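> Whatever this is, show me its structure:
(chains A and B)
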2 protein chains.
Amino acid sequence: MATLEEMGQRAKSAARKLSAAGAKKDTALLQIAAALEQNQEKILAANMQDLIAAKENGMSQSLLDRLALSEARISGMADGARQVAALSDPVGKIIEGGVRPNGLRVEKVRVPLGVIGIIYESRPNVTADAAELCLKAGNAVILRGGKEAIHSNVCIAETMRNALEQVGLPADCIQLVQDTSHDSANAMMNLTDYLDVLIPRGGAGLIRSVVQNSHVPVIQTGVGNCHVYVDNTADIDMAANIIFNAKTSRPSVCNAIETVLVHKDIAEKALPAIKARLDEKNVEIRGCVRTRSILGDSVVPAAESDWETEFLDYILAVKVVDSIDEAMEHISRYSSGHSEAIITKSYDNAARFTAEVDSAAVYVNASTRFTDGGEFGLGAEIGISTQKLHARGPMGVNELTSVKYIISGNGQIR
Amino acid sequence: MATLEEMGQRAKSAARKLSAAGAKKDTALLQIAAALEQNQEKILAANMQDLIAAKENGMSQSLLDRLALSEARISGMADGARQVAALSDPVGKIIEGGVRPNGLRVEKVRVPLGVIGIIYESRPNVTADAAELCLKAGNAVILRGGKEAIHSNVCIAETMRNALEQVGLPADCIQLVQDTSHDSANAMMNLTDYLDVLIPRGGAGLIRSVVQNSHVPVIQTGVGNCHVYVDNTADIDMAANIIFNAKTSRPSVCNAIETVLVHKDIAEKALPAIKARLDEKNVEIRGCVRTRSILGDSVVPAAESDWETEFLDYILAVKVVDSIDEAMEHISRYSSGHSEAIITKSYDNAARFTAEVDSAAVYVNASTRFTDGGEFGLGAEIGISTQKLHARGPMGVNELTSVKYIISGNGQIR
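Numbering: from 1, shown residues only, chains lettered A, B, ... in the order given. Here you go, the predicted structure:
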């Protein structure tokens, strides 16, 4: 088994070849799509090994659901590869440029980042999805998934590596770390000689640990303590509809909302309408004192910790606020900087909210569930950055690149 | 004296006001320019205190030169502020956007990063230059300069803070850490609740220490182990002229070259011509065996460490290589990723060099000394990034911003 150091060296060498691979990357992606479908039975058999072990270890049903592959999920991975192949190649794009007064031609050109590390948890489809995007942007990738999915991951990675070789690209453009101990995660966080960036994908605990411990630069993704603020001028039906969608259409994802803030002047009318929709899915409401005085004792009293929590479940914290300022103050204090929405008919309040709320995506009269690379028109995404450096919001292939300056002269000196 | 924690809180609050300050930022910059000139005597007196203390402590002449202010340098700081005021405001620019098929309008908008920390060494003009650029991009800044320049820095910072107040902006947009111990630098590297990014400006030792120890995201700047490769088809006069310029026009800066690589087929003609120019400034050549066999024993034998060293002095390492591949291999191994140049008449070799050399700025037939925000047309710069994340090459005001998505709908759900 190769050491991480050796994998780093191989990745760096593969990345150099990949940086000039051009359309061959798309050929590889199509080959990967075909190979995933051809190897479906092998992949499902490997996944079954993981599932049996996971059940023996008493894994919860929701985690088993994440771990489980199916024909449909494998087709999804293959379709993902085809969609990524169809995206325009970011590498080599001239972003800016021109001729300086001294005759020097200066071009700012997109180039791959180099070698990307991904640390993720139990979903084996991340193995394919992440590798495909890294490949498209010309980067080698070192994948380190969770131990629960190791058989599935090995099989998927081998399938992709073979596909790369078949089209004449180095298999080492995609490598999987087979040691799934904490040691290997720590070693990746210290692989500064080889990794240009590390992207953790998973729960808040994983992400916090990588951000705190990594010496490789990290892009922080996916923690979403998202808010909807219902302004005093809101259309109540629209508010209830958006809150229902943003909370219940898929509670386990990062762009689902966790807290609703309601202006006091509209609370008596809006709160019962919102609750009526949420009751359809038995959403537990944890409310402030004023919320409970309107909705009654069936609402659980909210604790301070509820404002901070990404429930990822059918639970919603609700607070009545005196003003848009109090709403924005609350968001500034508790939000993870992912997605927030205002429901309003006021032009001024819409403008203030979008200007002053400091999150990756700020909405007027729409569900936060749209924070997604595909929905924003970026194509596939590798995650949603909640930091401000390098990338913010959904990260597509452009966000997996860097730039360089190319300067052409005829003897200029300074 | 405020604690760093308190300074962080004040900076965050000031940054929020600054993010919507619009043209007031330019008014402030012009006021800062005027105030620096009006306070010239006070600033020079404070600087004199620093110079006297530095001389007593036996500071070297080259460091004293960096520390010393003059009327001209203060005018330079003031002119810098006026030039930055004249740049177009990056904040609020819509970079991309459009209406999605479901009617959602998605805009990607430039926003300030927030609060920027700068750790720097003995040059007091950085206090003004860095603060002006951060201000223009809508960021609050916390400056932590070296102890040698503390009196100068305090006086310059107070001048700028007063100017901010005069135009109605919070003085805390610009704060100076007055504790210049190692403790304060360490505390800044851990100020993750308040600092969005930390930029070290100074020598390689400072930068390495900040990169290794900071928990705040860092942008690495300014270490330049730069190369010129003289191809077998090079115009020898052009090569000698560019090498002379890139080595001797200002040896102490990061875009000066440290190593020249010469193709073996042109070495016998090129090396004497290059040496003749370098002799004008008594540049010490440290050569490989083949270089010495051509240029003679006056050339010092190069040690392995010479290929790794940023001399920042009238010293140049020289190596004869068999091919462009060997030249690029050498650069890949030893370069700090700052600036490299090829001197060639070959279209193919120019294309290969610019495509394959992985540095922030790659030149054909021009001096590496042009790697500079002003020379590239970006206006002023805060440093030259040698990393790939967020920014690479000269960092102007755009590189001191982040983005956010603003999404406007009329009730869309997903």
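
> drop to CA atoms for contacts and neighbour counts, all remaining ones
OK.

> and the closest residue to chain B within the stretch 1-150 of chain A, how many neighbours does it have?
Evaluated by C-alpha to the nearest C-alpha, the stretch 1-150 of chain A has A:Leu113 as its residue closest to chain B, separated by 6.3 Å. Using other C-alpha atoms under 10 Å in any protein chain shown, the number of residues around A:Leu113 comes to 25.

> How about chain A: which residue is closest to chain B?
For chain A, C-alpha to the nearest C-alpha, closest residue to chain B: A:His390, 3.5 Å.

> Surely that residue is within a helix?
No - membership of A:His390 in a helix is not supported by DSSP: H, G, I helix; E, B strand; the rest coil, which gives coil.

> residues in contact with the nearest residue to it once chain neighbours are set aside?
With sequence-adjacent residues excluded and distances taken as C-alpha to C-alpha, 6 or more residues apart in numbering or on different chains, A:His390 is closest to B:His390, at 3.5 Å. Listed by C-alpha atoms under 8 Å, 6 or more residues apart in numbering or on different chains, the contact partners of B:His390 are A:389-391, A:402, B:399.

> Return the list of helices and strands in contact with the helix or strand hosting A:Arg277.
Assigned by DSSP states H and E, A:Arg277 belongs to helix A:264-279. Based on contacts counted as 3 or more C-alpha pairs under 8 Å, 6 or more residues apart in numbering or on different chains; DSSP states H and E, the elements that helix A:264-279 packs against are helix A:236-248, helix A:289-295, strand A:315-321.

> Please tabulate the ones you listed in JSON lines and include mean pLDDT and distance to chain B as additional columns.
Supplementary listing: the helices and strands packed on helix A:264-279 in JSON lines, determined by pLDDT from 0 to 100; distance: least, C-alpha to the nearest C-alpha, whole Å:
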{"stretch": "helix A:236-248", "mean pLDDT": "98", "distance to chain B": "6"}
{"stretch": "helix A:289-295", "mean pLDDT": "98", "distance to chain B": "24"}
{"stretch": "strand A:315-321", "mean pLDDT": "98", "distance to chain B": "18"}
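
> Relative to A:Leu278, which of these is closest?
For the helices and strands packed on helix A:264-279, proximity to A:Leu278 was assessed by C-alpha to C-alpha; helix A:236-248 is nearest, at 5.9 Å.

> List the buried residues in the strand or helix carrying A:Ile207.
A:Ile207 belongs to helix A:204-213 when assigned by DSSP H and E. Of all the residues in helix A:204-213, those buried under the rule 16 or more other C-alpha atoms under 10 Å in any protein chain shown are A:207, A:210-211.

> Also stretch A:292-310?
Within stretch A:292-310, the residues that qualify as buried by neighbour count (16+ other C-alpha under 10 Å) are A:292, A:295, A:299-302, A:306-310.

> Restricted to strands, list those.
Among the buried residues of stretch A:292-310, the members falling in strands (DSSP state E) are A:300-301.

> how about a markdown table for the buried residues of stretch A:292-310, with distance to B:Ala53 added?
Supplementary listing: the buried residues of stretch A:292-310 in a markdown table, determined by distance: C-alpha to C-alpha, whole Å:
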| residue | distance to B:Ala53 |
| --- | --- |
| A:Arg292 | 67 |
| A:Leu295 | 70 |
| A:Val299 | 68 |
| A:Val300 | 66 |
| A:Pro301 | 63 |
| A:Ala302 | 60 |
| A:Asp306 | 56 |
| A:Trp307 | 53 |
| A:Glu308 | 51 |
| A:Thr309 | 54 |
| A:Glu310 | 55 |
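
> out of the buried residues of stretch A:292-310, who's nearest A:Lys17?
Minimum separation from A:Lys17 among these (C-alpha to C-alpha) is found for A:Glu310, which lies at 41.8 Å.

> Might you report the residue contacts of that closest one?
Counting by C-alpha under 8 Å, 6+ apart, A:Glu310 touches A:223-225, A:258.

> Get me the contact residues on the stretch 51-200 of chain A for chain B.
In this structure, the stretch 51-200 of chain A approaches chain B at residues A:100, A:106, A:113, A:196-197, judged by C-alpha under 8 Å from any C-alpha of the partner chain.

> could I get the contacts of B:His390 as CSV with distance to B:Lys55 and pLDDT?
Output for the contacts of B:His390, formatted as CSV (distance: C-alpha to C-alpha, whole Å; pLDDT from 0 to 100):
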residue, distance to B:Lys55, pLDDT
A:Leu389, 41, 93
A:His390, 43, 95
A:Ala391, 46, 95
A:Ser402, 44, 97
B:Glu399, 38, 96
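
> ok, of these, which one's closest to B:Ala317?
Top of the list for closeness to B:Ala317, among the contacts of B:His390 and by C-alpha to C-alpha, is A:Ser402 at 29.9 Å.

> for the strand ranked longest in chain A, the distance to its chain's centre please.
The longest strand of chain A (DSSP E) is strand A:401-412. Between the mean C-alpha location of strand A:401-412 and the chain-wide mean there is a distance of 33 Å, by C-alpha atoms, centre = their mean, to the nearest Å.

> what about it and chain B, touching?
Yes - for strand A:401-412 and chain B, the contact criterion (C-alpha under 8 Å from any C-alpha) is met by A:402-412.

> Same check on stretch A:330-343?
No - looking at stretch A:330-343 against chain B by C-alpha under 8 Å from any C-alpha, there are no contacts, and the closest approach is 8.5 Å.

> now swap in stretch A:359-375 and tell me
Yes - among the residues of stretch A:359-375, A:359-367, A:369-370, A:375 lie within reach of chain B under C-alpha under 8 Å from any C-alpha.

> Now the two most distant members of these.
Comparing all pairs in the residues of stretch A:359-375 next to chain B by C-alpha to C-alpha, the longest separation belongs to A:Ser359 and A:Glu375, at 17.6 Å.

> who has more neighbours, these two?
In terms of neighbours (other C-alpha under 10 Å), A:Ser359 is the more surrounded of A:Ser359 and A:Glu375; the figures are 25 against 18.

> For that one, give me the pLDDT.
pLDDT, A:Ser359: 97.

> Please apply the same query to A:Ser122.
At A:Ser122, the pLDDT value in this model is 79.

> between the contacts of A:Glu310, which is closest to A:Asn47?
Using C-alpha to C-alpha, the shortest approach to A:Asn47 within the contacts of A:Glu310 belongs to A:Val223, at 27.4 Å.

> Among the residues of stretch A:359-375 next to chain B, find the lowest-pLDDT one for me.
The weakest per-residue confidence within those falls on A:Glu375 (94).

> any idea how far it lies from A:Thr368?
As for A:Glu375, its distance to A:Thr368 is 11 Å (criterion: C-alpha to C-alpha, to the nearest Å).

> re earlier: among the contacts of A:Glu310, which are located in strands?
The subset of these located in strands under the criterion DSSP E comprises A:Glu258.

> is it possible to export the contacts of A:Glu310 to JSON lines including pLDDT?
As requested, those are exported to JSON lines (pLDDT from 0 to 100):
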{"residue": "A:Val223", "pLDDT": "88"}
{"residue": "A:Gly224", "pLDDT": "92"}
{"residue": "A:Asn225", "pLDDT": "96"}
{"residue": "A:Glu258", "pLDDT": "98"}
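
> Of the contacts of A:Glu310, which is the most crowded?
Within the contacts of A:Glu310, most neighbours by other C-alpha under 10 Å means A:Glu258, with 29 neighbours.

> Fine by me, we can end here.
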